[in-house]
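Peer 1: predicted model follows, preceded by the sequence.
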Amino acid sequence: MFFNDNVRGSRGCGCNNNERPENDNTQVSPTETVVNTRTKKRVVRHIHPTEVINVNRTVIRNEHFYPVTEREVNETVVEDYDCGSDINNPRCRRRGSGNTGNNNNNSCGCKNHRCNCRNR
């Protein structure tokens, strides 16, 4: 509480009609706070986009097969040896160069089928 003894009536107005007696005290109360709330509404739009991706997938399955065929081939290898004239003591030496039995090479080395060296 606050008491002010020096406050008296209205000063300087020259009127004595509203004059207060000297023994009047003035009491000042604490200020009362009044809050006036004005509410203003705002709309805030929140946009949350979504993207949908549709994937069209094609799966190609490559299948590899490796068939195996089997066949038989008969091969004859002819080797000509010249063993000399003594049957009891043979000295065998291979005759010709590369004769594999396909008749392309004669013992003399000529490739002609009508070669005269066969008759030797």
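Peer 2: All right, it came through fine.

Peer 1: isn't D80 right up against R95?
Peer 2: Yes - look at D80 against R95 with Cβ atoms under 8 Å: they come within range, at 4.0 Å. The way it works is simple: take the backbone N, C-alpha and C, and place the C-beta from them, glycine included.

Peer 1: okay, now the unreliable bits of the chain?
Peer 2: For the chain, the stretches flagged by pLDDT under 70 are 1-21, 97-120.

Peer 1: strands of that one, start to end?
Peer 2: 2-4, 26-28, 81-82, 93-94 (DSSP state E).

Peer 1: tell me what the third one is packed against?
Peer 2: When you say that, I think you mean strand 81-82. strand 93-94 (3 or more Cβ pairs under 8 Å, 6 or more residues apart in numbering; DSSP states H and E).

Peer 1: partner strands of the strand it packs on, with direction?
Peer 2: Here strand 93-94 is paired, per DSSP bridges, with strand 81-82 (antiparallel).
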